[in-house]
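**Q** build the 3D model from these lines:
(4 chains)
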Number of protein chains: 2
Amino acid sequence: MLVVAGTVLAEEGADASMRDIARRAGMGLATLLRHFPTRDALLEALLRTSFDELTARADALGDTGSPRDGLLLWLREFVAFTTEHYGVVTSTVKAIEEPGSALHDSCVALHAAGAQLLARAQAAGEAPVDVDGADLFALVSAFAWLGDQTRQEQRAERLFGLVTSAILSR
Amino acid sequence: MLVVAGTVLAEEGADASMRDIARRAGMGLATLLRHFPTRDALLEALLRTSFDELTARADALGDTGSPRDGLLLWLREFVAFTTEHYGVVTSTVKAIEEPGSALHDSCVALHAAGAQLLARAQAAGEAPVDVDGADLFALVSAFAWLGDQTRQEQRAERLFGLVTSAILSR
DNA sequence: ACCTGAACACCGTTCAAGT
DNA sequence: ACCTGAACACCGTTCAAGT
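**A** All right, here's what the predicted structure looks like:
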């Protein structure tokens, strides 16, 4: 069932019709909505695994290697992940500001994981101190949004690389 | 009538209900849709004046002063304008890639105006040559989107300033 | 010519009725 | 307990009928 939902979301984007998802999962709309009362709840169930992996990845990168390279690599993976899931970035950014959202906790965890990598790089003098974790999350989200727009994927990747390296090496 | 539409769009955002707009304008939905067959057509009618002003502003800034400062100032005004009109940035980015859209011509004109300012700064050695007009439009759009997200307005402004100055002074 | 109510096919929310 | 058809209030599209 979650598999079907994942397929539909991948095909139609994060704003696919809940009715359509239920239909293709072979259940009534009301049943789907009883399991996942809101779209965010469904997204959370679908993204939880990837979120946890990204958080663990941040921890791993924080234990070894260059702080600067670790941060850059993680940011790149974060953008790639978000771009893979068309349309979710708006939900994640909104969820950060909405404690009631089903996605809130996961997004805060991701935020914290990124902030820790940033703090390590800052402590090593390899990242500027005038940006914080929230800035990082916002920057990554903005480029993830750009990558979601038609024909902007490669441009978003290139510009993100250009911007991060420009900011880091001031 | 356009005034009412502008009010509703300002209140509800660019994805306000066309039915609601017609209702508040005191006309039938079908009548509104006959004048503006698509949402983009309505947006175009509402934004045309501002678009023309921004284009003229680019021309004016291109005739005088420092190329670099002119470019930066125009970019700032562009972001401010887009942020003022909640939700339009997605439409403008989409319109650039869709020649059939009612917004296409206006967006291409804006794109060209920005590209000209960039070219002047590049010719003066005051802007990097590894970004082009499309990159500029994409960057500005990404930060305009960020500014549209709840509680991210000031962050978007600050980050945009930080990013542009970091890129320009590499 | 210009307008528009109404039918249509969609959407998410809610709940009474079914197992 | 768990499910779901159906009613509800919305949406944009389309068109026959009204001035």
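
**Q** state the distance from residue A:140 to residue A:109.
**A** 15 Å (C-beta to C-beta, to the nearest Å). Glycine gets a C-beta too; all of them are placed from N, C-alpha and C.

**Q** try residue A:78
**A** According to C-beta to C-beta, residue A:78 stands 13 Å off from residue A:109.

**Q** for residue A:164, same thing?
**A** Using C-beta to C-beta, residue A:164 is found at 22 Å from residue A:109.

**Q** swap in residue A:72?
**A** 21 Å.

**Q** is stretch A:41-49 anywhere near DNA strand C?
**A** No: remark: stretch A:41-49 sits outside contact range of DNA strand C, by C-beta under 7 Å from any atom of the strand, the gap being at least 9.8 Å.

**Q** chain center to that stretch: distance?
**A** 12 Å (C-alpha atoms, centre = their mean, to the nearest Å).

**Q** picking that back up, ok, residue A:72 and residue A:109, which is more surrounded?
**A** More neighbours surround residue A:72 than the other of residue A:72 and residue A:109, with 20 against 15 (other C-beta atoms under 10 Å in any protein chain shown).

**Q** so who does the residue lying closest to the more buried one once chain neighbours are set aside touch?
**A** Spatial nearest neighbour of residue A:72, chain neighbours left out: residue A:164 (6.3 Å); criterion: C-beta to C-beta, 6 or more residues apart in numbering or on different chains. Counting by C-beta atoms under 8 Å, 6 or more residues apart in numbering or on different chains, residue A:164 touches A:72, A:75, A:139.

**Q** which of the residues you listed sits closest to chain B?
**A** residue A:139 (6.2 Å; C-beta to the nearest C-beta).

**Q** any idea which element the nearest residue to that closest one once chain neighbours are set aside lies in?
**A** Computed as C-beta to C-beta, 6+ apart, the closest residue to residue A:139 that is not its neighbour in sequence is residue B:159, at 6.2 Å. Here residue B:159, judged by DSSP states H and E, is contained in helix B:153-168.

**Q** could you give the mean pLDDT of that helix?
**A** On average, the pLDDT along helix B:153-168 is 96.

**Q** that one: which residues count as buried?
**A** For helix B:153-168, the neighbour count (16 or more other C-beta atoms under 10 Å in any protein chain shown) marks B:155, B:156, B:157, B:159, B:160, B:162, B:163, B:164, B:166, B:167, B:168 as buried.

**Q** any idea how far that helix is from the chain center?
**A** With C-alpha atoms, centre = their mean, you get 17 Å for helix B:153-168.

**Q** angle of that helix against helix A:153-168?
**A** Orientation check (axes from the mean of the first three to the mean of the last three C-alpha atoms, to 10 degrees): helix B:153-168 against helix A:153-168 gives 80 degrees.

**Q** what is the neighbour count of residue A:152?
**A** For residue A:152, the neighbour count with other C-beta under 10 Å is 23.

**Q** just to check, residue A:108 is in contact with residue A:96?
**A** Yes: the pair residue A:108 / residue A:96 is scored as a contact, 6.7 Å apart, by C-beta atoms under 8 Å.

**Q** between the two, which is the more surrounded one?
**A** The residue with more neighbours, out of residue A:108 and residue A:96, is residue A:96; 23 against 14, by other C-beta under 10 Å.

**Q** surely the more buried one touches residue A:106?
**A** No: checked against C-beta under 8 Å, the pair residue A:96 and residue A:106 is beyond contact range at 10.1 Å.
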